[in-house]
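Novice: build me a structure from this.
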Amino acid sequence: MALNANSLTTLAFAKTYLKIPALETSQDAMVEFWINVASQRIETETDRKLKAQAITEYRDGSGKNIIVLKEFPINSITSLNIDTGGLFTDPSTLIPATDYRIADEGNSIVLLNQLFPKAYYAIKVVYNAGFTPVPSDLENACLWIVSYYHKMRDAGDIGRTAKGKGDESVTILQDMPKDIKDVIAAYKRFEVALTQSPIYNV
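Specialist: Numbers count the residues shown, from 1 in each chain. From the prediction side, this is the model:
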C-alpha cells in the first residue's frame, strides 16, 4: 500500500498520532490505507481537490475575458490553450503567459488582451491547485478519521453502536464530532457567480 497523491497527512505523522513506534512497520500498510480512505472521504464531502496537485481541465468558451476553474486555490498555470476546433495540437493555440493572469481570488484566469471565444470545448488549462502545505486543521480532521478507524478495528467495534460493560450498555461513537465536521464544512466548494460553462477534467 502507498499513499495517494491526495493524501492529507503522512505515514510518519499518522503513526505519531496513533502512538505507533516509528520502527514498528507491521501496521504501515493499514495506516496508509486509512489515510487514503480518510483523505478521499474529505475530498468527497468538500467536493474539491484539497492537496496541491497538477490538473488538466477543458472548458467551453464564454465570450468573456474570465473563466472560473473548478479547483482552487490556483497556485500556478502551466499552460493555457484556446482552440475552437477542440484539438489543442497546433502550437499556435498556446496563449503566452504574458496575456493572462490568475485573478486575485485565486480561482479564475483573466485574459488581458482578448475574450475567450464562445465555442464548445475550446479551452484547455493545465494548472496546479490546492493547498501546500495542507492546513493544520484539515490535516487534523484527516488524522481523527484515521484514528477512528484504528480504534474501531482494534476494539472490534466497526459497525456496532453499543456494547455491554457489566450491567451497562456503552454507546460507541459512530460519527465525527462537531468540531471535525465544522472543519470539513469550512472547506466545502462554494458557488461562484462567474461560473458559466461546463467543466471537463482528465
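
Novice: now the helices for the chain?
Specialist: 11-17, 28-46, 136-155, 178-186 (DSSP state H).

Novice: what packs against the second one?
Specialist: Think helix 28-46. helix 11-17, helix 136-155, helix 178-186 (3 or more Cβ pairs under 8 Å, 6 or more residues apart in numbering; DSSP states H and E). For the C-beta atoms, the positions are set from N, CA and C on the backbone; glycine is no exception.

Novice: gap between Gln40 and Cys142?
Specialist: Noted for Gln40: a distance of 10 Å to Cys142, by Cβ to Cβ, to the nearest Å.

Novice: between those two, point out the one with more neighbours.
Specialist: Cys142 (27 against 14; other Cβ atoms under 10 Å).

Novice: what pLDDT does the more buried one get?
Specialist: Looking at Cys142, its pLDDT stands at 97.

Novice: so who does it touch?
Specialist: Residues in contact with Cys142 (Cβ atoms under 8 Å, 6 or more residues apart in numbering) are Leu8, Thr9, Ile35, Ala38, Ser39, Ile42.

Novice: as a markdown table, those with pLDDT, neighbour count and distance to Leu23 would be great.
Specialist: Output for the contacts of Cys142, formatted as a markdown table (pLDDT from 0 to 100; neighbours: other Cβ atoms under 10 Å; distance: Cβ to Cβ, whole Å):
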| residue | pLDDT | neighbour count | distance to Leu23 |
| --- | --- | --- | --- |
| Leu8 | 98 | 26 | 24 |
| Thr9 | 98 | 22 | 20 |
| Ile35 | 98 | 26 | 19 |
| Ala38 | 96 | 23 | 24 |
| Ser39 | 97 | 26 | 25 |
| Ile42 | 96 | 21 | 29 |
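
Novice: ok, so of those residues, who is nearest Val68?
Specialist: Distance to Val68, by Cβ to Cβ, is smallest for Ile42 among the contacts of Cys142, at 22.5 Å.

Novice: only alpha carbons, please: show the longest strand seen in the chain as PDB.
Specialist: Taking DSSP state E as the criterion, the chain has its longest strand at strand 74-82. Extracted C-alpha coordinates of strand 74-82, given in PDB (Å, rounded to 0.1, in the frame of the first residue of the first chain):
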ATOM      1  CA  ILE A  74      -4.800  28.100  -8.100                       C
ATOM      2  CA  ASN A  75      -1.000  28.000  -7.400                       C
ATOM      3  CA  SER A  76       0.300  28.300 -11.000                       C
ATOM      4  CA  ILE A  77      -0.800  28.000 -14.600                       C
ATOM      5  CA  THR A  78       1.400  25.600 -16.600                       C
ATOM      6  CA  SER A  79      -0.300  26.300 -20.000                       C
ATOM      7  CA  LEU A  80      -3.400  27.800 -21.500                       C
ATOM      8  CA  ASN A  81      -4.600  26.800 -25.000                       C
ATOM      9  CA  ILE A  82      -7.600  28.200 -26.900                       C
END
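
Novice: list the buried residues of it.
Specialist: Judged by neighbour count using 16 or more other Cβ atoms under 10 Å, the buried positions of strand 74-82 are Ile74, Asn75, Ile77, Leu80, Asn81, Ile82.
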